[in-house]
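K.L.:
could you look at this predicted model? Sequence included:
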There are 2 protein chains.
Amino acid sequence: MVVRLSDVAARAGVSVKTVSNVANGYLHVKPETRERVQAAIDDLNYRPNLSARSLRQGRSGVIALAVPALDMPYFAELTRAVVEAAAERGWTVLVDQTDGLRERELEVASGLRGHLIDGLILSPVGLEVDELERSKEDTPLVLLGEKIAGGPVDHVAVDNVEAARLATDHLLGLGRKRVAAIGYQARADAASGVAPLRRRGYERSLAAAGITVDAELTPQVAGYRRVDGAHAMETLLALPEPPDAVFCFSDLLALGALRVLAERGLRVPEDVALIGFDDIEDGRYSTPSLSTVAPAKDEIARHAVDMLHDRIAGRDAVPARDVRVGFEIVPRESTLGRGQTGPSGP
Amino acid sequence: MVVRLSDVAARAGVSVKTVSNVANGYLHVKPETRERVQAAIDDLNYRPNLSARSLRQGRSGVIALAVPALDMPYFAELTRAVVEAAAERGWTVLVDQTDGLRERELEVASGLRGHLIDGLILSPVGLEVDELERSKEDTPLVLLGEKIAGGPVDHVAVDNVEAARLATDHLLGLGRKRVAAIGYQARADAASGVAPLRRRGYERSLAAAGITVDAELTPQVAGYRRVDGAHAMETLLALPEPPDAVFCFSDLLALGALRVLAERGLRVPEDVALIGFDDIEDGRYSTPSLSTVAPAKDEIARHAVDMLHDRIAGRDAVPARDVRVGFEIVPRESTLGRGQTGPSGP
DNA sequence: CTGAAAGCGCTTACAG
DNA sequence: CTGAAAGCGCTTACAG
């Protein structure tokens, strides 16, 4: 049996307007009246129909978050942070998985959810900026990452070039001479995703140290998962002169690489030092624990939600903003060795 | 500018009914008419307003999935599977995180989303069956896991007792004598979550081998994350006579334990054999790779979505169903040792 | 402070 | 096969 606002009004002996005022926490309702209405709401177990409210108000209180894959820890952790930040605003989050596919990202960006959502936070991988402009929806949109930066849309990211540069510096600072990078992608020149930026930081660091990039030390990967890191590491170890350090463009890549090094009986960091990117929890508990670049995920989430809130509130006049959040180089055992670090853990 | 059905109708020179028919893929529309309507839809970039549709039809096409934590890989992987299974039915999934808190689970179960969702898949941790019955909502509900089984609600789970028994058998089969269990919880007697079931399986296996349970070998944990496994392992290693094998009630617990064993310089599996539960991707790439119990996550997701679909379709007459999905013991290096297993990987 | 009424954008009987 | 109209359950000007 469905309970309507008017049922509550009838029971409480007031108008629907008054019930609506109480349900929405408005002022100008006598405490006595408010109490009577609340009692009726409780008695009847009334729940407002959000579709009706949304239809009337033009806002649903639901935002969508579209990430490549929920089962990649970085995105799982980011999703958690976004859901929490959204909850603080009373928003509900609807999660979409794009698998990094251009068409799915485009679908999502072009209003897949038809007015069901008030706004969208999208972490694009395959989408190009011109496609985004062509599909220009009126749904407020915030982009994550640097796939499409400086474009016509709000976006928040870490400074990937600088973070990658410092990560590589960290390896060079250990005295390593052959520093490889795992994460180069075939489509790198097409400015896809973070790869070209982290690549630039890596190369910049080497250049500053007077080292020329050795193409052999930058194998191509198909993706950023453990399996890709494992394959790339195998390639590197097959070289006549393997690297003595590796900067992996994601922690998952690094964990895959770590696994292969262990299989080969190589010591980390003594034989090969390793640093990743993302600071996922897995890396804190691996053996050895994984040095990494830690982006401020909570800040990313908070900024994304705040910016979306501003857009939804109608600050359309404001030009698109590019927000940078902080990051930190977190040295752990995979570069410093055992005993150099404190107890692991979150 | 918002485009309405009537705008499309006007442009195409037909009635709204016809546009509605086309938009919903109904029959009985002349191909020629359909084409003209479709052209108008494309021209105007029309998107149906889902709130209006939902208000009218009483169904939104959105279901909610409530899990304890998205950043726990098991739930992240399960969420992915549910989103995919739901997509096959044209459903969108709204994700809630409960943190395993009773009150949040209750909120969610008692229609938090007020008619926004057509149904709910809930993985309860703290919620008790009587609370669930009291709050008896009309929103179709399917429960995951065995926290509340055999109750008044559809639910799908693996046979945790049997799975735990076989996992323990696997350790005993290696000739281990002091087999510990990490995952006992203080509230175990209160029948909370999977702990008591896996505990029963563990004890049943020992009993069959003529071994009495040693309370020292079953330390309490506060949660099922890596940090909890690390703490419990430390407790076990501090014993005068530490275990030579450990059954961990989750892979995360096992990964935490593995980390501590490595820190202490103990060999796995030579000194201590280890098996987990969940088959998360992390365990396939750890060193050593982690033996585990692999529940059929895709089956769980598919059954949950199918059962929810049946309830939404109004098969209320059908009594609550308890569905069991399969599982598999997956031996890897943490019990079999190096070289005993094939190449790791997904 | 409260009541009666319009309207958000759909879908769907009901006529034709 | 198509058109005109009612109504889903809210919120919100508009009167009082």
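P.N.:
Thanks, I have it. Residues are numbered from 1 along each chain as shown, chains lettered A, B, ... in the order given.

K.L.:
which residues touch residue A:260?
P.N.:
By CB atoms under 8 Å, 6 or more residues apart in numbering or on different chains, the contact set of residue A:260 is A:229-230, A:233-234, A:237. Backbone N, C-alpha and C define where each C-beta goes, glycine included.

K.L.:
let's go with 6 Å and repeat that
P.N.:
The contact partners of residue A:260, taken as CB atoms under 6 Å, 6 or more residues apart in numbering or on different chains, are A:230, A:233-234.

K.L.:
looking at it, residue A:108 is touching residue A:67, isn't it?
P.N.:
No: using CB atoms under 6 Å, residue A:108 makes no contact with residue A:67, being 10.2 Å away.

K.L.:
of all residues in the stretch 1-150 of chain A, which one is closest to DNA strand C?
P.N.:
residue A:15 (2.6 Å; CB to the nearest atom of the strand).

K.L.:
what's around that residue, how many residues?
P.N.:
12 (other CB atoms under 10 Å in any protein chain shown).

K.L.:
apart from its neighbours in sequence, what residue is nearest it?
P.N.:
Using CB to CB, 6 or more residues apart in numbering or on different chains and skipping residues adjacent in sequence, the residue nearest residue A:15 is residue A:9, 5.9 Å away.

K.L.:
taking the contacts of residue A:260 one by one, which sit in helices?
P.N.:
Using DSSP state H, the subset of these located in helices is A:230, A:233-234.

K.L.:
what's in contact with the helix or strand harbouring residue A:40?
P.N.:
For residue A:40, the host element (DSSP states H and E) is helix A:31-44. Residues from elsewhere that reach helix A:31-44 (CB under 6 Å, 6+ apart): A:3, A:8, A:11-12, A:19, A:22.

K.L.:
if we can go back for a sec, any bit of the helix or strand hosting the residue nearest to residue A:15 sitting next to DNA strand D?
P.N.:
Using DSSP H and E, residue A:9 maps to helix A:5-12. Yes: Helix A:5-12 is in contact with DNA strand D by CB under 7 Å from any atom of the strand, via A:5-6.

K.L.:
that helix packs against which elements?
P.N.:
Packing partners of helix A:5-12 (3 or more CB pairs under 6 Å, 6 or more residues apart in numbering or on different chains; DSSP states H and E): helix A:16-23, helix A:31-44.

K.L.:
quick one: name the residues of the stretch 51-200 of chain A near DNA strand D.
P.N.:
Within reach of DNA strand D by CB under 7 Å from any atom of the strand, the stretch 51-200 of chain A has these residues: A:52-53, A:55-57.

K.L.:
how about the strands in the stretch 151-300 of chain A?
P.N.:
Ranges of strands in the stretch 151-300 of chain A, per DSSP state E, counting those that start in this stretch, are A:154-158, A:179-182, A:245-248, A:273-275, A:292-295.

K.L.:
would you reformat those strands as TSV and include mean neighbour count?
P.N.:
Putting the strands of the stretch 151-300 of chain A into TSV (neighbours: other CB atoms under 10 Å in any protein chain shown) gives the following:
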stretch	mean neighbour count
strand A:154-158	24
strand A:179-182	29
strand A:245-248	30
strand A:273-275	29
strand A:292-295	24
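
K.L.:
comparing those strands, which yields the minimum mean pLDDT?
P.N.:
With a mean of 92, strand A:154-158 has the lowest mean pLDDT of the strands of the stretch 151-300 of chain A.
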